[in-house]
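In: Here's my sequence, what's the structure:
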Amino acid sequence: MKKLAFALVTATCLVAPVQAMAQSKEPPEKESKLIAANEGWTSGQLLAIAGGAVVGVGAAHILVPSIMMNHAIGLIGGSLIGYYWYANEAPLKTKQSG
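Out: Coordinates of the predicted model:
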């Protein structure tokens, strides 16, 4: 009986139409520009995220030492805060000599 069930399942899988098909057209320009704009992180972003992670772990260790996952919570929270701080930082204004 097991062999018959296996044979039926195998036959059903082999007879079923294939749903996956390769795409021959190029992706829209809008998506390719978006991908090109977000290729990677800058060194400033990495520094802000890493600094936030280190500060977050230290703060979580001090503020909530009784929680078992305090390092993970601090690492994730600090990284998110570091990234948020970097993303919303106003650019430095330079003085123009005239």
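In: Look up the pLDDT of residue 33 for me, please.
Out: Looking at residue 33, its pLDDT is 55.
In: got the buried residues for stretch 80-89?
Out: 81-83, 86 (16 or more other Cβ atoms under 10 Å). Placement of C-beta: from N, CA and C, glycine included.
In: How about stretch 64-75?
Out: Those would be 70, 73-75, for stretch 64-75 by 16+ other Cβ under 10 Å.
In: which of those lies closest to residue 47?
Out: Closest approach between these and residue 47, by Cβ to Cβ: residue 75, at 15.8 Å.
In: my guess is the closest one contacts residue 53, does it?
Out: Yes - Residue 75 lies in contact with residue 53 (Cβ atoms under 8 Å); the separation is 5.1 Å.
In: Could you look up the next helix or strand downstream of the helix-or-strand element of the chain with minimal mean pLDDT?
Out: When each helix and strand of the chain is scored by mean pLDDT, DSSP states H and E, helix 29-37 comes last, with a mean of 56. Where DSSP states H and E defines the elements, the next helix or strand beyond helix 29-37 is helix 43-63.
In: Run through the neighbouring helices and strands of that following helix.
Out: helix 70-87 (3 or more Cβ pairs under 8 Å, 6 or more residues apart in numbering; DSSP states H and E).
In: for the helix it packs on, packing partners?
Out: Counting contacts by 3+ Cβ pairs under 8 Å, 6+ apart, helix 70-87 is packed against helix 43-63.
In: buried residues in the helix it packs on?
Out: In helix 43-63, counting by 16+ other Cβ under 10 Å, buried: 48-49, 51-53, 55-57, 59-60.
In: among those, which two are most distant?
Out: 48 and 60 (18.0 Å).
In: Which residues does stretch 40-47 contact?
Out: The contact list for stretch 40-47 (Cβ atoms under 8 Å, 6 or more residues apart in numbering) reads 49, 83, 86.
In: and if you look at stretch 54-67?
Out: Residues from elsewhere that reach stretch 54-67 (Cβ under 8 Å, 6+ apart): 70-71, 73-79, 81-82.
In: Could you pull up the mean pLDDT of that stretch?
Out: On average, stretch 54-67 scores 89.
In: now could you export just the CA positions of it as CSV?
Out: Taking Å, rounded to 0.1, in the frame of the first residue of the first chain, the C-alpha atoms of stretch 54-67 are listed here in CSV:
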residue,chain,number,x,y,z
VAL,A,54,28.5,49.1,21.1
VAL,A,55,26.7,51.8,23.0
GLY,A,56,23.4,49.8,23.0
VAL,A,57,25.1,46.7,24.4
GLY,A,58,26.7,48.7,27.2
ALA,A,59,23.5,50.5,28.0
ALA,A,60,21.5,47.3,28.0
HIS,A,61,24.0,45.6,30.3
ILE,A,62,23.8,48.5,32.8
LEU,A,63,20.0,49.2,32.6
VAL,A,64,18.6,45.7,32.4
PRO,A,65,21.1,43.2,33.8
SER,A,66,18.5,40.7,34.9
ILE,A,67,17.2,40.0,31.4
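In: Thanks a lot, see you next time.
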